[in-house]
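> show me how the following folds:
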Amino acid sequence: MAGVFAFALSPLMATSSSIKDQEIIKPYSNSSSSDEKIRNSRVLILGGTGRVGGSTAIALSQLSPGLRIDVGGRNREKGEEMRKKLGEKSKFVEIDLNNVDALEAALEDVDLVVHTAGPFQQAESCSVLEAAIRTKTAYVDVCDDSSYAFRAKSYCKDAVAANIPAITTAGIYPGVSNVMAAELVRAARDEAETEPERLRFSYYTAGTGGAGPTILSTSFLLLGEEVIAYKKGEKVKLKPYSGMVNVDFGKGIRKKDVFLLNLPEVRSTHEVLGIPTVSARFGTSPFFWNWGMVIMTNLLSPEFLRDKKKVQQLVELFDPVVRAVDGIAGERVSMRVDLECSNGQNTVGIFSHKQLSVSVGVSTAAFVLAVLEGSTQPGVWFPEEPEGIAVEARKVLLERAAQGTFNFAMNKSPWMVESNPKELGLGIYV
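The predicted structure is shown next:
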């Protein structure tokens, strides 16, 4: 099945050699008509003064020059700084997400809202999505929480009735990783004529990936959640940050230890793609951060780790140390998606970038542009749902999201992407 998915990879593999180069994102479009549609659109980014929202705003301004971008947040000073970076077509909108009337008023003036104001863990409602449905505004979020994601999905019929498209879990992971999985599964079934049996998501970031305190909060909150995975069609519950596996992320990253976490793409790909066995793991560096996460899981009660106030206190305590170490560790990010099939063939997708803080914005922007181009049907969808429903052209989305990567490949045999493949002889690798 290797090589079945005919990506035009050559321009993606010839990536930049410097941080400066990676910050310049080339405009990308399907056609002049889609360009015109996007230029006439206005997008509101909630959490636009944060790391993820700010990165998304910058990526959108570079991928689609001329798009009108509103930066939504509570800090006017930060908002004005971001507005200046984006240019005269942008503006800052002061918004408190708890103020429903103000939120709906802001949505009345835009075509699409991007919800990046996490953490999504333990949110009591999908207030932004609900407001988007009431105001008939297209919607994208970067949710990384299973409960929130499936609560959002429950609004699908309401979104259809309102005639609005919405995609949940549409960031880098989950998000791009889901689309990678969907393409591996599509190629297996349609082109290799085999049935997928096992799907594994493996993620790595150096330090916190430069993504800020929100990501640190999310990491701690996830340690308080029992991990849901699937084995031969049966749901299994596992301890968080357990089940360590050493995964080869290929050139530039090499082998890293990754640990089980409760991530929404496990359930969504199991249900949407019909894969019997699915799991997701995450790891970081330096290695002592992984040790710290294991120690926290073993020493602190789940009740403590699910308490947002206590977790916030932990974040405030650790944040200065994390920032200092991040300056040394860098912020490389890598995703590896493995698919095992009934005929014994295994295929892999790899996605690696030098800067998570840049790549997460480019990835989210790829979903935003897909929705603005009319690629998404009315309803609330996961990224991996069938082409023509969530994302009409997955290849285009992956090409956009992969800009700036130093290692990107799809539908390869494992030995083709790993750092030190084993040769058995006569050109046979394992």
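
> average pLDDT for the helix or strand containing Val258?
Element membership for Val258 (DSSP states H and E) is strand 255-260. Mean per-residue pLDDT for strand 255-260: 96.

> and it, what's buried?
The neighbour-count check on strand 255-260 (16 or more other CB atoms under 10 Å) flags Lys256, Asp257, Val258, Phe259, Leu260 as buried. No exception for glycine: its C-beta is placed from N, CA and C like everyone else's.

> Throw these into JSON lines and include distance to Val315, thanks.
Converted to JSON lines, these look like this (distance: CB to CB, whole Å):
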{"residue": "Lys256", "distance to Val315": "24"}
{"residue": "Asp257", "distance to Val315": "23"}
{"residue": "Val258", "distance to Val315": "22"}
{"residue": "Phe259", "distance to Val315": "20"}
{"residue": "Leu260", "distance to Val315": "22"}
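
> still on that earlier bit, keeping just the C-alphas, turn the strand holding Val258 into CSV.
Included here for strand 255-260 are C-alpha records, laid out as CSV according to Å, rounded to 0.1, in the frame of the first residue of the first chain:
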residue,chain,number,x,y,z
LYS,A,255,13.0,7.9,18.9
LYS,A,256,10.9,9.2,21.8
ASP,A,257,9.0,7.7,24.6
VAL,A,258,5.2,8.4,24.5
PHE,A,259,2.5,7.7,27.0
LEU,A,260,-1.3,7.1,27.0
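
> can you spell out which helices and strands pack onto the helix or strand just after that strand?
Sequence-wise, the next helix or strand beyond strand 255-260 is helix 264-273, with elements assigned using DSSP H and E. Other elements packing on helix 264-273 under the criterion 3 or more CB pairs under 8 Å, 6 or more residues apart in numbering; DSSP states H and E are helix 146-153, helix 176-190, strand 196-206, strand 227-231, strand 277-285.

> again, only this time at 10 Å
Packed against helix 264-273, as judged by 3 or more CB pairs under 10 Å, 6 or more residues apart in numbering; DSSP states H and E, are the following elements: helix 146-153, helix 176-190, strand 196-206, strand 227-231, strand 234-238, strand 277-285, strand 333-341.

> give me the sheet partners of the very next helix or strand once past the fifth one and which way each runs.
Pointing back at strand 234-238 there. Read in the C-terminal direction, the helix or strand following strand 234-238 is strand 245-248, with elements assigned using DSSP H and E. Strands flanking strand 245-248 in the sheet, each with its direction: strand 255-260 (antiparallel) (DSSP bridges).

> any idea how far Asp111 is from Arg254?
Arg254 is 43 Å from Asp111, where distance means CB to CB, to the nearest Å.

> who has more neighbours out of these two?
Asp111 (19 against 14; other CB atoms under 10 Å).

> state the pLDDT value of that one.
Reading off the confidence values, Asp111 has pLDDT 96.

> now the closest residue to it other than its chain neighbours: how far from Pro302?
Taking CB to CB, 6 or more residues apart in numbering, and ignoring the residues beside it in sequence, Asp111 has Ser41 as its nearest neighbour in space, at 4.4 Å. Computed with CB to CB, the distance linking Ser41 and Pro302 is 43 Å.

> what about these two, which has more around it?
Ranked by neighbour count (other CB under 10 Å), Ser41 and Pro302 place Ser41 first, with 21 against 14.

> may I have the predicted confidence score for that one?
The pLDDT attached to Ser41 in the predicted structure is 90.

> right, and it touches Asp70 too?
No - at 11.2 Å, Ser41 and Asp70 do not qualify as touching, with contact defined as CB atoms under 10 Å.

> mutual contacts of the two, please.
The overlap between the contact sets of Ser41 and Asp70 (CB atoms under 10 Å, 6 or more residues apart in numbering) consists of Val110.

> domain assignment for this protein?
What automatic domain parsing lists as the domains of the chain is 12-171+360-403, 176-354+410-416.

> weakest of those in terms of mean pLDDT?
What stands lowest among the domains of the chain, in mean pLDDT terms, is domain 12-171+360-403, with a mean of 87.

> ok now it, how far from the chain's centre?
Here the centre of mass of C-alpha atoms in domain 12-171+360-403, compared against the chain's by CA atoms, centre = their mean, to the nearest Å, lies 12 Å away.

> any idea which helix or strand carries Phe408?
Assessed by DSSP H and E, Phe408 sits inside strand 407-412.

> next SSE downstream of that strand?
Along the chain past strand 407-412, the next helix or strand (assigned with DSSP H and E) turns out to be helix 414-417.

> strand partners (parallel or antiparallel) of the strand holding Phe408?
Strands adjacent to strand 407-412 in the sheet, as given by DSSP bridges, are strand 346-353 (antiparallel).

> what about the partner strand, distance to the chain center?
In terms of CA atoms, centre = their mean, the gap separating the centre of strand 346-353 from the centre of its chain is 15 Å.

> CA atoms only for the helix or strand just after it, dumped as CSV, please.
Where DSSP H and E defines the elements, the next helix or strand beyond strand 346-353 is helix 356-372. Extracted in CSV, the C-alpha atoms of helix 356-372 (Å, rounded to 0.1, in the frame of the first residue of the first chain):
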residue,chain,number,x,y,z
LEU,A,356,4.6,24.0,17.3
SER,A,357,3.6,27.6,18.0
VAL,A,358,3.7,28.2,14.2
SER,A,359,2.4,24.8,13.0
VAL,A,360,-0.7,24.8,15.2
GLY,A,361,-1.8,28.1,13.6
VAL,A,362,-1.1,26.9,10.1
SER,A,363,-3.0,23.7,10.8
THR,A,364,-6.0,25.5,12.2
ALA,A,365,-6.0,28.0,9.4
ALA,A,366,-6.2,25.2,6.9
PHE,A,367,-9.5,24.1,8.4
VAL,A,368,-10.8,27.7,8.4
LEU,A,369,-10.0,28.1,4.7
ALA,A,370,-11.7,24.8,3.9
VAL,A,371,-14.9,26.0,5.6
LEU,A,372,-14.8,29.4,4.0
